[in-house]
Each structure stands twice: as C-alpha cells, then as structure tokens.
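S.K.: Just the structure for this:
(one chain, ligands or ions: 1)
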Amino acid sequence: MLQVRGLNAWYDHSHVVQDIAFEVRRGEIVTLMGRNGAGKTTTLRTVMGLLARSAGEIVFDGQPLHRQRAHARYHQGLAYVPEDRRIVAGLTVRENLQLGLLASGRRAETNAMIDEIAETFPRLKERLAQEATSLSGGEQQMLAIARAMMARPKMILLDEPSEGIMPLLVHEMFRLFVRMKQQGTTILLVEQNVERALSISDRAYILDQGHVVHEGRAEDLLADTEIQNRYCAV
Ligand SMILES: Nc1ncnc2c1ncn2[C@@H]1O[C@H](COP(=O)(O)OP(=O)(O)OP(=O)(O)O)[C@@H](O)[C@H]1O
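M.R.: I've put the predicted structure just below:
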C-alpha cells in the first residue's frame, strides 16, 4: 500500500532522514521504532508532505505521492494523527469529529459517519456533547484518531499515540488499533512503547540517526532484546 524509497529530508542544515526505505502492505500494522531524535516523526511528516523531501519516492496505493501537496495526499486516503493531537478548543467532541469530514467533499455523510465512528469509540459516544478539551488526555487522543477516521482513510499514520496516557487507556487504544486493522485500515505506527507496539504489529523498522538500521517481523523483534536495547532503550 505504501512504498518509500531513498527518502531524504532536511531541517535547515540537519540531514534528518537519510535514504530511508520501507513499505507497508495492505492490511498491515507496521511500527517505526527508535530512540528519541532518530527521525521517526520527520519520516511521517515527509510521507504526509508536511516537510518537503530532498530526494526519494513515495508511492501510495499505486500512485506516486512525492510531488503532491499534503492535501492531495489526504484526498488519496492517507490520514495522519500528529503527536500533539490538535483538538480544537471551544468545540464539542461532535464538532471536532465533524471537522474530520469538512475537507472530504462528503459532508452530507457526517451524521451517519459520527454514528458509525461512535460505535468503534464507545468512550466518545458517551461524550459527544462535551467540550472536547475537557476530555482526559487519553480520550483526546482517541478523538484525534476518530476524527482522522471520519474520512475513511485507507491508511493512518499515528505518531506516539500512547504518550502521556494512563495504562488502562493505552490498553484500550491498542485493542482499538487491532479492531481498525480488522475493519480494513492499514496502520503505520510510531511508538516508544515497544513491547505493546510489537505485540499488535506485523512488522517493524528500527531507525537510528536518520537511517533504517533493522527491519523484521514483529514477533522476531519482540524476542530480540539485544536489538531492542541497542536501538530503542531510553
Ligand atoms: N522543526 C525542526 N527544526 C529543526 N530540527 C528538528 C525539527 N524537528 C525535529 N528536528 C530534529 O530532527 C531530528 C529528528 O527528530 P524527530 O522528531 O523526527 O525524531 P523522533 O525519532 O520522532 O524522536 P522522538 O521519539 O523524540 O519524537 C532530531 O535531531 C530533532 O532535533
């Protein structure tokens, strides 16, 4: 579904993404792992077109994306939930969800889609009329994911969804990812919570200093504590 080849990106004079290659097959959950500053977020931002690549190809569902603007990538079915969630203050949960369909050209479907999404996210279903920033951090993360799912993306890029969230909600969130996969969504996950991420992933890539240094099946990486300690220990 997503093929990235020879991807390079810079912040000013810092070469942060260096010749990165990876793929995510249709229906997979794939995790990008690595220490702080390894280049994971920058890789996601470059795939979304929020940061310009200096070289490389991004092919999504058979279409070359690398020359397209970010909004065109969204319209191809690629969704992104950044680390900071971007919940809109002053709007309710329902209104934040409505924003997820605003740019899609399918606004007439909004109410039906909210009903459908609410079935997948029971915590939000009970709180649709609540002011969105009064939700707990974990619930706001669920809302950010639900809002991205409103446009029925083929694939979703999730940046550190479990950060700062209490264990019970993290557990619920990872079960949700498995359900999203079962419902047909392909997932690219960036996660510090290596064990949890690997336990639901099909495959993973390890980044270090802007390079992919290791790739493998999630179950193999889960058993390989040496690799985990070398590249992912905090
Ligand atoms: N806006 C920016 N301007 C300049 N440098 C940046 C910017 N954003 C990130 N960097 C640098 O790029 C490098 C990669 O950062 P990135 O956020 O991609 O890492 P990461 O693997 O996602 O780390 P973390 O797990 O801490 O989120 C780091 O050295 C970081 O300091």
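
S.K.: which residue ranges form the strands in the protein?
M.R.: Using DSSP state E, the strands of the chain run over 2-11, 14-24, 29-33, 53-60, 63-64, 78-81, 155-159, 186-190, 203-208, 211-217.

S.K.: who touches the second one?
M.R.: Strand 14-24 is contacted by residues 1-10, 30, 32, 39, 42-43, 46, 53, 56, 155, 186, 188, 205, 207, 209-212, 215 when judged by Cβ atoms under 8 Å, 6 or more residues apart in numbering. In short, each C-beta sits where N, CA and C put it, glycine included.

S.K.: Kindly identify which of the residues you listed also come near the ligand.
M.R.: For the ligand, the contacts drawn from these by Cβ under 6 Å from any ligand atom are 39, 42.

S.K.: Can you flag the buried ones in the contacts of strand 14-24?
M.R.: Applying 16 or more other Cβ atoms under 10 Å to the contacts of strand 14-24, the neighbour count classes 1-4, 7-10, 30, 32, 39, 42-43, 46, 53, 56, 155, 186, 188, 205, 207, 210-212 as buried.

S.K.: how distant is the helix or strand of the chain with the lowest mean pLDDT from the center of its chain?
M.R.: When the helices and strands of the chain are scored by mean pLDDT, DSSP states H and E, helix 225-232 comes last with a mean of 84. When C-alpha coordinates are averaged (Cα atoms, centre = their mean, to the nearest Å), helix 225-232 and its chain have centres 23 Å apart.

S.K.: which strands and helices sit next to it?
M.R.: Judged by 3 or more Cβ pairs under 8 Å, 6 or more residues apart in numbering; DSSP states H and E, helix 225-232 is in contact with strand 203-208, strand 211-217.

S.K.: didn't residue 222 look like it was pressed against residue 196?
M.R.: No - at 10.2 Å, residue 222 and residue 196 do not qualify as touching, with contact defined as Cβ atoms under 8 Å.

S.K.: bridging residues for the spatially most central residue of the chain?
M.R.: Closest to where the C-alpha atoms of the chain average out (Cα atoms, centre = their mean) is residue 158, at 1.6 Å. In this structure, residue 158 bridges to residue 81, residue 189 when assessed by DSSP bridges.
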